[in-house]
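Student: generate coordinates for the sequence data below:
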Amino acid sequence: MKVHFIAIGGSAMHNLAIALYHKGYSITGSDDEIFEPSKSRLAACNILPATQGWDASRITPAIDAVILGMHAKSDNPELLRATELGIKIFSYPEYLYEQSKDKKRVVIGGSHGKTTITAMILHVLQQLSVNCDYMVGAQLEGFDVMVRLTEEAPLMIIEGDEYLTSPIDLRPKFHLYKPDIALLSGIAWDHINVFPTFENYADQFIIFINQISKGGTLIYCNEDEELKRICQVSRNDINIIPYGALPHEISNGVTRIQVNNAWVPLQIFGRHNLMNLNGARLVCRQLGIGDAEFYEAIQSFRGASKRLELIAKKESRVVYKDFAHAPSKVEATLKAVKEQFPGRRVVACLELHTYSSLNKEFLGHYRGTLDPADAAFVYFNSHALQVKRLPEITELQVKEGFCKAGMEVFTDSAKLIKRLFREEDPGTVLLMMSSGNYDGIDLKDFSLQWVTLKPGLAVH
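Tutor: Next up, the predicted model:
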């Protein structure tokens with residue numbers, strides 16, 4: 001098979017390209033910009049495009065299929081040429097389904113926690129040597145790529161994103177996977193550029209539930225009232241299983257869960273992660289994995305990349321980073337850190353980077369989310385607004401949206417770093433939240449400097 005990727009540089013797209021390369025396919029691709037780590041990883045497989053940009057001459061009748069990424073536009077010259085030649089065009093999720101349609105499919109969805117739950121399941125399956133294909137939205141410890149596709153694996157674990165499929169297919173991605181086993185972690189309005197009302201957003205999850213195969217299983221978090229309402233009246237021809245957080249305690253900075261009158265130590269923390277863990281346990285049970293096996297394997301799970309990930313620690317100063325950007329994610333992540341470090345000074349820093357977070361009409365949804373922090377900083381850059389073609393927002397509008405006393409707002413990352421170094425309390429915990437990179441902050445370098453109180457060059 002010869003497959004061409006339009007927008008091969010995306011985090012998901014390049015992983016799929018690598019997975020098909022390892023499967024023996026002939027892979028070509030194109031993109032107008034390719035950043036690290038995609039660039040190096042594609043180059044290592046000899047499938048990095050020689051030049052950047054779009055070129056219709058790359059599309060020839062020898063190509064068996066084109067996979068179209070969301071980054072491309074509907075008038076992309078390579079897409080138009082493929083259409084003219086009658087070449088089969090797949091979106092990313094369509095191709096995943098094509099590769100897994102004869103397997104048992106497990107799809108993890110929800111507004112928050114889906115990457116972590118998927119990662120937990122994959123960690124346990126790997127520990128127990130269960131052969132499976134997968135697609136997950138973050139780099140995982142012990143896994144070379146985020147996508148695996150084989151002929152022999154009998155099941156596939158898929159992280160089900162509710163964002164749009166492709167520029168020519170405006171369905172949410174998770175509508176295309178048709179799960180046999182599905183999990184939903186919660187519903188919190190996001191992607192307001194696509195789903196203009198909460199009701200419209202919630203409807204996408206109802207459609208997802210209706211895609212579950214007859215006789216299949218739906219596992220859902222019953223601590224989310226909207227999700228509970230939807231799931232309890234959804235289907236009578238599938239198995240519906242609710243879950244919540246597991247009983248736990250925090251002792252000497254370690255979170256432990258109670259299992260049959262014994263306490264099992266974990267390397268993760270936060271009540272939302274304990275709900276995630278319970279959901280992962282129930283999925284694994286559907287796959288024939290007993291609770292004892294699950295709990296033994298999950299003890300070594302250290303989290304997915306950028307999900308409450310420990311970046312630097314020295315004595316009692318510590319830095320975590322998290323992908324949190326939507327209000328519900330910010331609130332849950334900050335509460336987890338406060339619970340894990342009682343009595344410590346917690347400094348929360350959030351970058352507004354997504355379409356929703358940079359929309360002045362949406363800012364009010366962040367009200368109260370940073371309240372638990374002892375000091376709070378919010379950063380945004382006008383360039384992100386320009387790229388997303390959004391109206392300018394002001395520092396005052398951001399402050400009014402969060403309504404957090406003493407919160408400081410920055411639009412210059414160098415000034416933000418300088419301010420963070422004024423947090424000199426030796427027991428401070430710093431939480432850096434963003435789906436971006438604070439416009440060039442090398443978070444690893446900065447964090448190592450911050451925990452030692454030795455400012456240096458951290459912006460590139």
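
Student: CA only for contacts and neighbour counts going forward, please
Tutor: OK.

Student: how far is the host helix or strand of A280 from where the chain is centred?
Tutor: Taking DSSP states H and E as the definition, A280 sits inside helix 271-286. Distance of helix 271-286 from the chain centroid (CA atoms, centre = their mean, to the nearest Å) equals 17 Å.

Student: buried sites along the following helix or strand past it?
Tutor: Where DSSP H and E defines the elements, the next helix or strand beyond helix 271-286 is helix 291-298. Within helix 291-298, the residues that count as buried by 16 or more other CA atoms under 10 Å are F294, Y295, A297, I298.

Student: count of residues packed around the closest residue to D224 other than its chain neighbours?
Tutor: Take D224 and drop its neighbours on the chain: the residue closest to it by CA to CA, 6 or more residues apart in numbering is G186, 5.7 Å away. Neighbour count for G186, taken as other CA atoms under 10 Å: 23.

Student: next: the one 4 residues further on.
Tutor: D190 is surrounded by 25 other residues when neighbours are defined as other CA under 10 Å.

Student: mind telling me what element I67 is part of?
Tutor: Applying DSSP H and E, one finds I67 within strand 65-68.

Student: elements contacting that strand?
Tutor: strand 2-6, strand 88-91, helix 92-100 (3 or more CA pairs under 8 Å, 6 or more residues apart in numbering; DSSP states H and E).

Student: right, so of those, which gets closest to Q211?
Tutor: helix 92-100 (12.8 Å; CA to CA).

Student: quick check: mean pLDDT of the closest one?
Tutor: Averaged over helix 92-100, pLDDT sits at 95.

Student: what's the angle from it to strand 2-6?
Tutor: 160 degrees (axes from the mean of the first three to the mean of the last three CA atoms, to 10 degrees).

Student: whatever helix or strand comes next after helix 92-100 versus helix 92-100: what angle between them?
Tutor: Next in sequence after helix 92-100, counting helices and strands by DSSP H and E, comes strand 104-109. Angle, strand 104-109 to helix 92-100, by the same axes, to 10 degrees: 160 degrees.

Student: quick one: K88 from H365, how far?
Tutor: 42 Å (CA to CA, to the nearest Å).

Student: which one's more surrounded, those two?
Tutor: Set K88 next to H365 and count neighbours by other CA under 10 Å: H365 wins out with 16 against 13.

Student: check contacts around the more buried one.
Tutor: P327, G401, F402 (CA atoms under 8 Å, 6 or more residues apart in numbering).

Student: ramachandran coordinates for it?
Tutor: H365 adopts backbone torsions of phi -70, psi -10, taken as degrees, to the nearest 10.

Student: so which residues of the stretch 351-460 of the chain form helices?
Tutor: With helices called from DSSP state H, counting those that start in this stretch, the stretch 351-460 of the chain shows them at 382-387, 395-402, 413-420, 443-451.

Student: would you mind giving the secondary structure of the residue lying farthest from the centre of the chain?
Tutor: Centroid-distance maximum for the chain: P61 at 36.3 Å, with CA atoms, centre = their mean. Secondary structure for P61, judged by DSSP: H, G, I helix; E, B strand; the rest coil, is coil.

Student: which non-adjacent residue is nearest it?
Tutor: L85 (6.7 Å).

Student: again, but for L352
Tutor: Spatial nearest neighbour of L352, excluding adjacent residues (CA to CA, 6+ apart): F380 at 5.2 Å.

Student: could you give the number of residues near that neighbour?
Tutor: 24.

Student: do the one 5 residues further on as well
Tutor: L385 has 19 neighbouring residues, counting by other CA under 10 Å.

Student: outline the domain layout of the protein.
Tutor: 2-86, 95-298, 309-451 (automatic domain parsing).

Student: what's the pLDDT at the residue nearest to P61?
Tutor: For L85, pLDDT reads 97.

Student: then S316?
Tutor: 87.

Student: was I right to think it contacts D425?
Tutor: No. The criterion here is CA atoms under 8 Å, and S316 misses it with D425 at 9.5 Å.

Student: how about the residue lying closest to L16 once chain neighbours are set aside, what does it touch?
Tutor: Nearest non-adjacent residue to L16, counting by CA to CA, 6+ apart: V147, 5.7 Å away. By CA under 8 Å, 6+ apart, V147 lies in contact with A12, N15, L16, A19, D133, Y134, M135, V136.

Student: how far away is the closest residue to the first one other than its chain neighbours from D322?
Tutor: When the adjacent residues along the chain are set aside, A12 lies closest to G137, with 7.0 Å between them (CA to CA, 6+ apart). Between G137 and D322 the distance is 14 Å, computed by CA to CA.

Student: assumed I158 was part of a strand.
Tutor: Yes. I158 forms part of a strand when assessed by three-state DSSP.

Student: hmm, back to that, narrow the contacts of V147 to those in helices?
Tutor: Within the contacts of V147, residues falling in helices by DSSP state H are A12, N15, L16, A19.

Student: list just the nearest of these to E159.
Tutor: A12 (11.0 Å).
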